[in-house]
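The following comprises the amino acid sequence and a computationally predicted model.
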Amino acid sequence: MREIRGKSLSLLIKEDDIRRRVRELGKEIEEDFSDSEDFVVVGLLKGAFVFVADLVREIDLPARIDFLWVSSYGQGMESSGSIRIVKDLDTDIEGRDVLLVDDILDTGITLREVYDFLKIKNPSRLKTCVFLDKKGRRKVEFEADYVGFEVPNVFLVGYGLDWGELGRNLKGVYAVED
Ligand code: XMP
C-alpha cells in the first residue's frame, strides 16, 4: 500500500487507463483544431505539467506550448477564491487559438478566473481541457470543453496532483484516505 506522510493512498485511475484516455482526448483536440494556423497550449503550473507533457504528444499539430503559474490566496486543500499570477505567459496569444489545460476542475474558481484573464489577451479561440473533473463541487458556473475523467469528491494525488508538494510523480491517480 502506498503512503504519503502516513496516509494511505488507494488507486483510483490506473496508468493504462490514463494513457488510453489522454490519447483519445489528444485526437479529439487535434481534429477540432486541425484548421488552426496558430495553436497554443497553455498549461497551469504546477499541477498540469504531467498532463500537458502527455497530451501535447498526442496532438499531431504544430503547437506552441507555454505555462501560466497562478496560486490561490490561502493554503490548504481548497481554492480560496482569488488567484495571484506567479508567472505570466511568455507567448503573445492575441489572435491565436488557445487550449487552456489544467489538472483538475473542482469549485471552478481557478479556471473561471484564469479563463477571464486569458480572454483579455484576445485569443481568437479559447478552449479548456481538464484531466479530472469533480463536477459535484462546483461553486461557480464553469464547464471544460474537454474532460479526461469525472471523479468523486475525495482528495486526489498523482499524475501531477500533489498533497503538500508530494505525489506529483505517481503514475496513477490515488485517493488520499482519511
Ligand atoms: P478550483 O476549486 O479553483 O480548484 O476549481 C482547482 C485547483 O484546486 C486544486 N485541487 C486539488 N489538488 N487534489 C489536488 O492535488 C485534489 O483533489 C484537488 N482538488 C482541487 C488544484 O490545484 C486545482 O488546480
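The structure has been received and is ready for your questions.

Now residue 139: closest residue in space, sequence neighbours ignored.
residue 107 (4.1 Å; C-beta to C-beta, 6 or more residues apart in numbering). To be clear about C-beta, it is placed using only N, CA and C from the backbone, and glycine gets the same treatment.

Does that neighbour touch residue 133 like I think?
No: using C-beta atoms under 8 Å, residue 107 is not in contact with residue 133; the gap is 11.6 Å.

Those residues of this structure touching the ligand, which are they?
Applying C-beta under 6 Å from any ligand atom, we find that the chain lies next to the ligand at 47, 79, 102-111, 155-157, 161-162.

now the longest helix belonging to the chain, how far from the centre of its chain.
Looking across the chain with DSSP state H, the single longest helix is helix 15-32. Averaging C-alpha positions (C-alpha atoms, centre = their mean, to the nearest Å) puts helix 15-32 14 Å from its chain's average.

what packs against that helix?
helix 49-56, strand 125-133, strand 146-150 (3 or more C-beta pairs under 8 Å, 6 or more residues apart in numbering; DSSP states H and E).

And the contacts of the first one?
Pointing back at helix 49-56 there. 18-19, 22, 25-26, 29, 41, 43, 63, 65, 67, 101, 103, 129, 131, 148, 159-160, 168 (C-beta atoms under 8 Å, 6 or more residues apart in numbering).

From those, list just the buried residues.
Buried residues within the contacts of helix 49-56, counting neighbours by 16 or more other C-beta atoms under 10 Å: 18, 22, 25-26, 29, 41, 43, 63, 65, 67, 101, 103, 129, 131, 148, 159-160, 168.

residues near residue 177, how many?
By the measure other C-beta atoms under 10 Å, the count of residues near residue 177 is 12.

Give me the pLDDT for the closest residue to residue 32 other than its chain neighbours.
In this structure, residue 32 finds its nearest non-sequential neighbour in residue 127, 7.5 Å apart by C-beta to C-beta, 6+ apart. Per-residue confidence (pLDDT) for residue 127: 98.
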